[in-house]
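> Here is a sequence with its predicted model. Questions after.
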Amino acid sequence: MEQKELISKIHSLRKEKNAIIMAHYYQIPEIQDIADYIGDSLALAQEAERATADIIVVCGVNFMGETAKILNPHKKILIPDANAGCSLADSCPSEKFKKFIKKHPNHTVVTYVNTTAAVKALSDITVTSTNAKKIIESLPFAEKIIFGPDKNLGDYINSQTGRQMVLWDGACHVHEQFSLEKLLKLKNQFSDAQIIAHPECKKPVLMVANFIGSTQALLNYSAKSDAKQFLVATESGILHQMQKLSPQKEFIPVPPDDSTCACNECNFMRMNTLEKLYNCLRTEQPEILLNEEIIEKAVKPIKRMLKMS
Ligand code: 13P
Ligand code: SF4
């Protein structure tokens, strides 16, 4: 089917079924352009909480669909590709995390939303890269904290808040791949460019960044800054919105270490296509289904986060 026809069918189906399409900034441009709502992990969770549609299609990865389901257990939550996982969520299996918690008694368990529902069910509060610093700072300084699964984000929050959170050893394969060497070469070439980086990146990359922030924060910064060029160290899908908001500015994606792969593109996020989105609206599959007990436990840390955001 031609793209124009696919887009028109998606429009008709979403109207007919009272469905909304939410997309993360790392989705392919065609999906970002057709979405009713586009945002980072926090914004998508907030929008899912507010949603009144009968069906929510989450164009992102599995954990984002699960968060929408946890907040809307009676709604139909669909994702275009059930195989759209997340290396960061996978780096924290719930059984191992449970043992880790046991090894550190009397600790408050804070987890990044990039986790499975089962890990959220073990948590006291969830955070996203947008609100992690604010939420950690709202906890008493003496409180002992376990933070998982992203060690880079955890290490960055520790450095910003003076806390000594115990960190789970997990990471995102996309943000870990950025090459400092290639970034510095680019900086030599574009000496006026600002380096902007997501806190999931490794410390050496964060140390040379002019600005560090969540996907939404990077987008806002690039729009407000007087700089004309930006070296962007996060998943390159965000460049679509950056360029849309600031057509006169230049955005250069920071390359990964391994030049044989396009590792600054998340292969999981890129699994979703317009065709899969159309099929998912048509067949109402794949659907996110979660066990009630997990929902009951996992909703508490998410609600706590949303209240504090
Ligand atoms: P944010 O959407 O919180 O910036 O997280 C980035 C990410 O890696 C999502 O998978
Ligand atoms: Fe997971 Fe990283 Fe992909 Fe985000 S970019 S979905 S954290 S693998």
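Here it is on my side, so go on. Ligands and ions are numbered 1, 2, ... in the order given.
> Tell me how many other residues crowd the residue in the stretch 1-150 of the chain that ligand 2 sits nearest to.
With CB to the nearest ligand atom as the measure, residue 86 is the residue of the stretch 1-150 of the chain nearest to ligand 2, at 3.2 Å. The way it works is simple: take the backbone N, C-alpha and C, and place the C-beta from them, glycine included. Residue 86 is flanked by 23 other residues according to other CB atoms under 10 Å.
> now the closest residue to it other than its chain neighbours: how far from residue 113?
Once flanking residues are discounted, residue 86 sits nearest to residue 61: 4.7 Å by CB to CB, 6 or more residues apart in numbering. For residue 61, the distance to residue 113 equals 11 Å [CB to CB, to the nearest Å].
> Please state the backbone phi and psi of the residue of the stretch 101-250 of the chain found nearest ligand 1?
Proximity of the stretch 101-250 of the chain to ligand 1 (CB to the nearest ligand atom) peaks at residue 215, 3.3 Å away. Residue 215 adopts backbone torsions of phi -50, psi -50, taken as degrees, to the nearest 10.
> quick one: it from residue 294, how far?
Taking CB to CB, one finds residue 215 at 27 Å from residue 294.
> which of these two has more neighbours?
residue 215 (25 against 18).
> who touches the more buried one in this structure?
Residue 215 makes contact with 24-26, 40-41, 129, 198, 234-235, 238 under the criterion CB atoms under 8 Å, 6 or more residues apart in numbering.
> Narrow those to those that are buried.
Among the contacts of residue 215, those classed as buried by 16 or more other CB atoms under 10 Å are 24-26, 40-41, 129, 198, 234-235, 238.
> from the residues you listed, which is closest to residue 164?
Lowest distance from residue 164 to the buried ones among the contacts of residue 215 (CB to CB) belongs to residue 129, with 20.1 Å.
> quick one: that closest one and residue 214 touch, right?
Yes. When contacts are counted by CB atoms under 8 Å, residue 129 is listed as touching residue 214 (3.6 Å).
> re the thing from before, show the overlap between the contacts of residue 215 and what lies near ligand 2.
Contacts with ligand 2 within the contacts of residue 215, counted by CB under 6 Å from any ligand atom: 26, 235.
> OK, contacts around residue 200?
Residue 200 neighbours (CB under 8 Å, 6+ apart): 88, 129, 150, 152-153, 171-172, 174-176, 234.
> ok, these vs ligand 2, which is closest?
Out of the contacts of residue 200, the member with the shortest distance to ligand 2 (by CB to the nearest ligand atom) is residue 172, at 3.2 Å.
> Where does the residue lying closest to the closest one once chain neighbours are set aside fall, secondary structure wise?
In space, residue 172 comes closest to residue 88 once its chain neighbours are excluded; the distance is 4.2 Å by CB to CB, 6+ apart. According to DSSP states H and E, residue 88 maps onto helix 87-90.
> for residue 305, same thing?
Using DSSP H and E, residue 305 maps to helix 292-308.
> Residue 155 - how many residues pack around it?
17.
> quick one: it and residue 203 touch, right?
Yes. Judged on CB under 8 Å, residue 155 makes contact with residue 203 at a distance of 6.4 Å.
> near ligand 2 at all, stretch 28-39?
No. Against ligand 2, stretch 28-39 shows no contacts by CB under 6 Å from any ligand atom, the least distance being 13.4 Å.
> How about residues contacting that stretch?
Residues contacting stretch 28-39 (CB under 8 Å, 6+ apart): 3, 7, 10-11, 14, 20-25, 27, 43-44, 46-47, 59, 216, 237, 240-241, 270, 272-274, 277.
> For ligand 2, what's the nearest residue on the stretch 201-309 of the chain?
Minimum separation of the stretch 201-309 of the chain from ligand 2 (CB to the nearest ligand atom) falls at residue 266, amounting to 3.3 Å.
> contacting residues for that residue?
26, 61, 172, 174, 235, 237.
> I am finished for the moment; much appreciated.
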